[in-house]
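A.B. asks: have a look at this prediction, sequence included:
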Amino acid sequence: MSKTPQSLQGSRRAEAGFTLVEVLIAIVVLVFGLIAVTNLFLVAGSSNTVANQATAAADSAAQALENLKAQPWTSAQLAAGGNLTTPAAGYSRLDMIPGVGRIQTNWVITQVDVRTKFIRVRSEGLGVLARTRSRAEFTTYRTCTTPNTGCP
């Protein structure tokens, strides 16, 4: 059987490839997909930064609290005072942690009674995104149980 000119034209059209409209639609779909993936990477990166600062803030607050708990009862560091929002001399520490950034740690010591002090320590990252999202706060009571070590 011989092919007619009409059947030759039909087979050529079927093998012609993509039309310009199909290519443009494919490019638009691809661009929207790439934009979504790029946005995902940006959000993941900023979330990772905040999580790193939150972990460092928790570690810094825990270290400061343990340091205050280890001080002798008559230590000047355990004198009542401090402010969590405005750093004061002796009640604040600024740590520079490599790969994370700056971590501000403040503490307040309140005299509850003659033999008990309340200690509150707050740390937070100083990054633009992480300020309050990376905050860690720990509290404890410190009591003097051995009168011969200087407590009343």
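C.D. replies: Great, that's in hand.
A.B. asks: now find how far off-centre the lengthiest helix in the chain is within its chain.
C.D. replies: Secondary structure of the chain per DSSP state H: the longest helix is helix 20-70. Put simply, helix 20-70 sits 10 Å off its chain's centre (C-alpha atoms, centre = their mean, to the nearest Å).
A.B. asks: tell me the first helix or strand C-terminal of that helix.
C.D. replies: For helix 20-70, the succeeding helix or strand toward the C-terminus, using DSSP states H and E, is strand 81-82.
A.B. asks: helices or strands next to that following strand in the packing?
C.D. replies: Strand 81-82 sits against strand 101-113, with contacts defined as 3 or more C-beta pairs under 8 Å, 6 or more residues apart in numbering; DSSP states H and E. Bear in mind the C-beta positions are built from the backbone N, C-alpha and C, glycine included.
A.B. asks: what secondary structure does Val128 sit in?
C.D. replies: coil (DSSP: H, G, I helix; E, B strand; the rest coil).
A.B. asks: swap in the one 10 residues further on?
C.D. replies: For Phe138, the assignment made with three-state DSSP gives strand.
A.B. asks: I'd assumed Ala61 was in contact with it.
C.D. replies: Yes. With contacts counted by C-beta atoms under 8 Å, Phe138 reaches Ala61, the gap being 5.2 Å.
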